[in-house]
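Asks: Generate a structure from the sequence data that follows.
(chains A and B)
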Amino acid sequence: MAIIKVQKGTKDILPAEMPVWHFMEEKANEVFTKYGAKEIRTPIFEATELFARGVGDTTDIVNKEMYTFEKSERSLTLRPENTAGVVRAFIENGMHRLSAPVKLWYKGPMFRYERPQAGRQRQFHQVGVEVFGIKQATADAEVILMAVNYLKALGLNDLSVELNSLGCPECREVFKTKLKEVIKPYLNELCPDCQARYEKNPLRLLDCKVEECKEIYAKPEIQAIIQSDFICEECASHFNELQGYLNALNINYSINKLLVRGLDYYNRTVFEIKSNNLGSQNAVCGGGRYDSLVRNLGGEDTPAIGFAMGMERLAALIGNKKDKKTVAFVVSNSPLEAIKLTEELRAKGITAEFDLTNKKFVKQLEKASKVAEFAVILGEDEIAAGKATVKNLATSEQKTIARNDLVEYLK
RNA sequence: GCGCCUGUCGUCAAGUGGUUAAGACCUCGGAUUGUGGUUCCGAUAUGCAUGGGUUCGAAUCCCAUCAGGCGCCCCA
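Replies: Model (predicted):
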């Protein structure tokens, strides 16, 4: 019979990989908690409309990558990202009535119907933070610090932070218009993708990888527009304030004027954190400010900023972590005595196992040496004397001690 | 959605048209009747992703499908 396999773009996370995942999860809790963030868990599926209105219906994520299904005449979608879901929960639970800032963090699976490749799966995991209620650049700085310090806690140092400001809807509109004007004469020479972007999302024109397009965008009159500080005074001072905080805290970053993010809801600050060790899917973190999303989804006008990180990409950078061995493996020819002692040890907080198949002594010891730090040998003599022989399997040292002293010794 | 590459045991692989498809690791059993991790012996693919085709003969050549990798797009 044909075996059923995991679905394309999905993976089992096997026991051998669990130490890395536990590490990422524990550090997330530890680091984000220090900033006063609380964990939130929202459902894995939501109304399709939430993503259409939240993420934006001109984005690829919404247009072609969603897992959408009908149930009882409702259109439901597996979440492709978690900001929309967290915002929905924020609004629905009246969290705007809480004292600002409201800092939330999350972790969990996301779903996007894409062609899988290195660092990209159809089911993948993100860990992220959203901070609501603060319009000042202090929140931008704190969110970036959370991201940087989390990565640092994971032991990841070889990363670069890129920063940009998209301005507010008003000043961005002016920029878009100018950009389209100056590019217009070359429109017919652009690649088909760029011709589509020209109308749909002109900001995205700038990071096209096609040589011919790059040459066009390198022209002086176009560069003049790109490099100009198009953002309005208010947006500029917000951005300057943020940079002041980052400089004061010695956070290394670079300004990338071409950094535009693919989700429609961003304004002002956007940032990405990249690694040079991941191949073409090199962004481990992406985030930014989304001051109008809460209102657009029907909530009170609430500024917000957040980020998300791809956990599979983080795991790839962290590398392998060793699993902990069982502490004690009870070796005995008596399954009854073995199960009793093993349970006794477990009850006192020691990870312990014994041979369930009642194999010969030698085999039991062999098994112990593979999975445990100590063999606890329980023979007839030891049983009679109320003792046990503890053997350190790494050093071969062994010692017969009273059963009451066993726990002390193993700890 | 598009382009390039790949698919032999649980894992890593040799084999590139001609007898029973190397080898290693893992797993299991034994040498070893209370002292392991070293060593030695043995077991484990009627099968080479699947389905067709070419050929006297196919894991090896051709086609299709499926799966995987990488890149584009996009994104974490």
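Asks: Strands of the stretch 251-400 of chain A, residue ranges please.
Replies: In the stretch 251-400 of chain A, the strands defined using DSSP state E, counting those that start in this stretch lie at A:254-255, A:267-275, A:283-289, A:304-310, A:326-331, A:352-354, A:372-377, A:387-392, A:398-402.
Asks: Next up, the contacts around residue A:86.
Replies: Residue A:86 is in contact with A:40, A:42, A:104, A:106, A:130, A:306, counting by CB atoms under 8 Å, 6 or more residues apart in numbering. All C-beta spots, glycine's among them, are computed from the backbone N, C-alpha and C.
Asks: To what extent is the spatially closest residue to residue A:290 that is not a sequence neighbour buried, counted in neighbours?
Replies: If the residues on either side of it in the chain are set aside, residue A:290 comes closest to residue A:265, at 4.2 Å by CB to CB, 6 or more residues apart in numbering. When counting by other CB atoms under 10 Å, one arrives at 23 neighbours for residue A:265.
Asks: phi, psi of the one residue in the stretch 301-411 of chain A that gets nearest to RNA strand B?
Replies: Closest residue of the stretch 301-411 of chain A to RNA strand B, CB to the nearest atom of the strand: residue A:379 (1.4 Å). Main-chain torsions, residue A:379, degrees, to the nearest 10: phi -100, psi -180.
Asks: for it, what are its contacts?
Replies: With contacts defined as CB under 8 Å, 6+ apart, residue A:379 is in contact with A:332, A:333, A:389.
Asks: Over to residue A:108?
Replies: Neighbour list for residue A:108: A:41, A:44, A:82, A:125, A:126 [criterion: CB under 8 Å, 6+ apart].
Asks: Report whether it is found in a strand, as I expect.
Replies: Yes. Judged by DSSP: H, G, I helix; E, B strand; the rest coil, residue A:108 forms part of a strand.
Asks: just to revisit the earlier point, separate out the buried members of the contacts of residue A:108.
Replies: Listed as buried from the contacts of residue A:108 are A:82, A:125, A:126; burial here means 16 or more other CB atoms under 10 Å.
Asks: Quick check: residues of the stretch 1-150 of chain A near RNA strand B?
Replies: Residues of the stretch 1-150 of chain A lying close to RNA strand B by CB under 7 Å from any atom of the strand are A:5-6, A:8-9, A:59-61, A:65, A:81, A:112, A:114-121, A:124, A:126.
Asks: that older thread, so which of the contacts of residue A:108 are in strands?
Replies: Among those, DSSP state E puts A:125, A:126 in strands.
Asks: quick check, nearest of the contacts of residue A:108 to RNA strand B?
Replies: residue A:126 (5.5 Å).
Asks: Quickly list what the closest one is bridged to.
Replies: Residue A:126 has the following beta-bridge partners by DSSP bridges: residue A:108, residue A:310.
Asks: are any of the contacts of residue A:86 buried, and which?
Replies: For those, a burial check counting by 16+ other CB under 10 Å picks out A:40, A:42, A:104, A:106, A:130, A:306.
Asks: RNA strand B: which of those residues is nearest?
Replies: Among the buried ones among the contacts of residue A:86, residue A:306 lies closest to RNA strand B (CB to the nearest atom of the strand), at 10.0 Å.
Asks: Grab the nearest non-local neighbour of the residue in the stretch 101-250 of chain A that RNA strand B sits nearest to.
Replies: Per CB to the nearest atom of the strand, residue A:118 is where the stretch 101-250 of chain A lies closest to RNA strand B, at 2.3 Å. Leaving aside its chain neighbours, residue A:118 sits nearest to residue A:279 (4.8 Å; criterion: CB to CB, 6+ apart).
Asks: Tell me, what's the model's pLDDT at residue A:20?
Replies: Listed pLDDT for residue A:20 reads 92.
Asks: list the buried ones in stretch A:279-294?
Replies: Within stretch A:279-294, the residues scored as buried using 16+ other CB under 10 Å are A:282-294.
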